[in-house]
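Asker: Here is the input, now give the coordinates:
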Amino acid sequence: MQYETVIGLEIHAQLLTESKMFCGCSVKFGSEPNSQTCPVCIGMPGVLPVANRKAIEYVIKTGLAVNCKIAPYSRFARKNYFYPDLPKGYQISQYELPICEHGSVEITVNGGTRKIGLTRIHLEEDAGKNIHEGAGNYSYVDLNRAGTPLMEIVSEPDIRTPQEAAEFVKKLRAIVRYLGVCDGNMEQGSLRCDANVSVRPEGQNEFGTKTEIKNMNSFKYIEKALDYEIKRQIKVLNDGGRIIQETRLWNTAKGITESMRSKEEAHDYRYFPDPDLVPVEVDGKWIEQIKSQLVELPDSRQQRFISQHGLPEQDADLLTSERPISEWFEQAVKLGGEPKAVSNWMMGELMKLLNEEGKQIEESALKPGQLVGLLKLIDKNIISGKIAKTVFEEIYKTGRDAEVIVKEKGLVQVSDESEIEKVIDEVIANNPKEVERFKAGEEKLLGFFAGQIMKATKGKANPKIVNELLRKKLEN
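Answerer: Numbers count the residues shown, from 1 in each chain. Just a heads-up that it's a prediction; the model follows:
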């Protein structure tokens, strides 16, 4: 039997506020355990939470960016469950009245574009963290994270393959990073993804029994976990079994999903409106104010790079993958860099060096104006493309301008035809056998001679002049 996969995702994005959702404690990552807590976030009796206005604005901003309807009236609810890292015995979240509903995001997979619907975007607080490693027979609880503002983005069950799921998360990660509402760091847990997945016979309208997969903190693991779970469910059904609705964990070491607990329903959490928090009312003026802060998003910027700068789609896609990369490119073009040349150097040499050091582009000592300066030296035939790579690496290491480096190291390109001709004559005289073979029809030897000339001039000879004069000499 052929099966169709149905996937819905829940993405939790930690918001880039300075304080927690309902108190003034810091949300700084990596502090001493339980050093960023107060009576509110550790759930002491009698305390009153106060909602973080900035967190609400960030959710509205995200909702506007993904075509959501912004609710004029929403409210917080208590989601009741017991867990050691949840000191109040409930999590403050939103249930029947979220801030944002009915949005959509377009993704591209295998050359095709699909629109994935968004059910809702709502606000909630994070729980603490249980620490089991190195504790012997005990587990420790760190409540630094308790109360951190989270934005939960819930998709419609529109996703059909693991690849589409990974692309959907990539697209949302790019959007929240462009907006500056979340840093998208999946390793640190500031962007986390849970997936609801089921399979059904092709042509059937009714959904199959779903399982929820947790603990996916990279695009690679999202694809691997979903691929494994889909195959597992199909095997169970083909063997005559039935799927159990449950929560499963992705075991990265074993490459399998493992049963964690039975899947809860909404009624298990006994949701009810939080009596300590007033409803959130959003008027048109507030929405317009937030809308005015929106930046150009990746899809729009990609299309503009293609139409305005004449870039191929692949170039535009990479250059708009991160906001700082796109802004670096635009700054270089604004300073006079030819768009395709800037793109080539960024995607080639710059990305290679950044990846080797594990750095982001904003950490680079090489600035847009310095790349433009280097490109101008190439255009004026002051240095060759080969020498330019050496100069580029030196700029990257030191942050000094290309002209200074070229002058100090004596790297100016030799374009004097008489000087180049002398070297060509020497190379030809020293390689008589190769000359005979070239004249007998071995055209590929032209590259051998050019290489010998560049070696003799330490890469300084103008390649264009070398090729022109060399061919004349050899064909005479």
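Asker: And the helices in the stretch 101-250 of the chain?
Answerer: Here the stretch 101-250 of the chain has its helices, by DSSP state H, counting those that start in this stretch, at 162-179, 219-238.
Asker: Deepest in the core, which of those is it.
Answerer: helix 162-179 (a mean of 22; mean count of other C-beta atoms under 10 Å). To be clear about C-beta, it is placed using only N, CA and C from the backbone, and glycine gets the same treatment.
Asker: Is it possible to get CSV of the helices of the stretch 101-250 of the chain that adds distance to I405?
Answerer: Output for the helices of the stretch 101-250 of the chain, formatted as CSV (distance: least, C-beta to C-beta, whole Å):
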stretch, distance to I405
helix 162-179, 34
helix 219-238, 38
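Asker: Please tabulate those helices in JSON lines, including the columns distance to D85 and mean pLDDT.
Answerer: Listed next are the helices of the stretch 101-250 of the chain as JSON lines, based on distance: least, C-beta to C-beta, whole Å; pLDDT from 0 to 100:
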{"stretch": "helix 162-179", "distance to D85": "25", "mean pLDDT": "95"}
{"stretch": "helix 219-238", "distance to D85": "23", "mean pLDDT": "94"}
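Asker: Relative to L353, which of those helices is closest?
Answerer: helix 162-179 (21.9 Å; C-beta to C-beta).
Asker: Please name every helix or strand in contact with the closest one.
Answerer: When contacts are defined as 3 or more C-beta pairs under 8 Å, 6 or more residues apart in numbering; DSSP states H and E, helix 162-179 sits against strand 3-14, helix 53-65, strand 100-109, strand 112-125, strand 149-155, strand 191-201, helix 219-238, helix 298-309.
Asker: and of those, who's closest to V280?
Answerer: Of all the helices and strands packed on helix 162-179, helix 53-65 comes closest under C-beta to C-beta, at 6.1 Å.
Asker: Pull the distance from the closest one to the chain's centre.
Answerer: What separates the centre of helix 53-65 from the centre of its chain is 20 Å, taken as C-alpha atoms, centre = their mean, to the nearest Å.
Asker: What are the contacting residues of the next helix or strand after that helix?
Answerer: Using DSSP states H and E, the helix or strand that directly follows helix 53-65 along the chain is strand 69-70. For strand 69-70, contacts defined as C-beta atoms under 8 Å, 6 or more residues apart in numbering pick out 60, 63-64, 99-103, 282, 287.
Asker: Now find how far off-centre the very next helix or strand once past strand 69-70 is within its chain.
Answerer: Counting by DSSP H and E, the element after strand 69-70 in chain order, helix or strand, is strand 73-74. Centroid displacement of strand 73-74 relative to its chain, using C-alpha atoms, centre = their mean, is 32 Å.
Asker: neighbouring strands for strand 73-74, and are they parallel or not?
Answerer: Using DSSP bridges, the strands paired with strand 73-74 in its sheet are strand 280-281 (antiparallel).
Asker: Now the partner strand: average pLDDT?
Answerer: The average of the pLDDT scores along strand 280-281 is 94.
Asker: Tell me what angle the helix or strand just after it forms with helix 53-65.
Answerer: Where DSSP H and E defines the elements, the next helix or strand beyond strand 280-281 is helix 284-291. Orientation note: helix 284-291 sits at an angle of 80 degrees relative to helix 53-65 (axes from the mean of the first three to the mean of the last three C-alpha atoms, to 10 degrees).
Asker: end-to-end on stretch 454-470?
Answerer: 12 Å (C-alpha to C-alpha, to the nearest Å).
Asker: Regarding R261, what is its secondary structure?
Answerer: Here R261 is recorded as strand under DSSP: H, G, I helix; E, B strand; the rest coil.
Asker: hang on, it packs against R248?
Answerer: No - applying C-beta atoms under 8 Å, one finds R261 not in contact with R248, separated by 9.1 Å.
Asker: of those two, who's got more company?
Answerer: Using other C-beta atoms under 10 Å as the criterion, R261 and R248 rank with R248 on top: 24 against 10.
Asker: Grab the nearest non-local neighbour of that one.
Answerer: T257 (4.2 Å; C-beta to C-beta, 6 or more residues apart in numbering).
Asker: and the next element down the chain from the helix or strand containing the one you found?
Answerer: Using DSSP H and E, T257 maps to strand 256-262. Using DSSP H and E, the helix or strand that directly follows strand 256-262 along the chain is strand 272-273.
Asker: which residues touch that next one?
Answerer: Against strand 272-273 from outside (C-beta under 8 Å, 6+ apart): 75-78.
Asker: Burial check on F392, number of neighbours?
Answerer: F392, neighbours per other C-beta under 10 Å, totals 21.
Asker: what does G310 give?
Answerer: Neighbour number of G310 under other C-beta under 10 Å is 13.
Asker: What is the burial count for the nearest residue to C23 once chain neighbours are set aside?
Answerer: Leaving out its chain neighbours, the residue that sits closest to C23 by C-beta to C-beta, 6+ apart is V40, at 3.8 Å. V40 has 20 neighbouring residues, counting by other C-beta under 10 Å.
Asker: Okay, now the unreliable bits of the stretch 1-150 of the chain?
Answerer: Regions of the stretch 1-150 of the chain meeting the criterion pLDDT under 70 cover residues 134-135.
Asker: CA-only coordinates of the strand holding T257 in CSV, if you can.
Answerer: C-alpha atoms of strand 256-262 as CSV (Å, rounded to 0.1, in the frame of the first residue of the first chain):
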residue,chain,number,x,y,z
ILE,A,256,16.0,6.4,16.1
THR,A,257,12.9,7.8,17.7
GLU,A,258,12.0,6.3,21.2
SER,A,259,8.8,6.3,23.1
MET,A,260,8.7,8.9,25.9
ARG,A,261,5.1,9.1,27.2
SER,A,262,1.5,8.9,26.0
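Asker: Surely A341 forms part of a helix?
Answerer: Yes - with three-state DSSP as the criterion, A341 is part of a helix.
Asker: one step back: what's the distance between the residue nearest to R248 and Y95?
Answerer: Distance, T257 to Y95, using C-beta to C-beta, to the nearest Å: 28 Å.
Asker: got it, and M351?
Answerer: For M351 relative to Y95 (C-beta to C-beta), the value is 44 Å.
Asker: Please apply the same query to T398.
Answerer: Counting by C-beta to C-beta, the gap from T398 to Y95 is 56 Å.
Asker: Among these two, which residue is more densely surrounded?
Answerer: Higher neighbour count among T398 and Y95: Y95, with 17 against 12, using other C-beta under 10 Å.
Asker: Hmm, R120 and that one touching each other?
Answerer: No - taking contacts as C-beta under 8 Å, Y95 lies outside contact range of R120: 10.1 Å.
Asker: what about G30, neighbour count?
Answerer: Neighbours around G30, by other C-beta under 10 Å: 6.
Asker: any idea how far it is from Q360?
Answerer: 18 Å.
Asker: Not counting its neighbours along the chain, what's nearest I256?
Answerer: Y228 (5.9 Å).
Asker: Show the contacting residues for that neighbour.
Answerer: Taking C-beta under 8 Å, 6+ apart, one finds 255-257 in contact with Y228.
Asker: okay, those residues in a markdown table with pLDDT next?
Answerer: As requested, the contacts of Y228 are exported to a markdown table (pLDDT from 0 to 100):
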| residue | pLDDT |
| --- | --- |
| G255 | 91 |
| I256 | 92 |
| T257 | 92 |
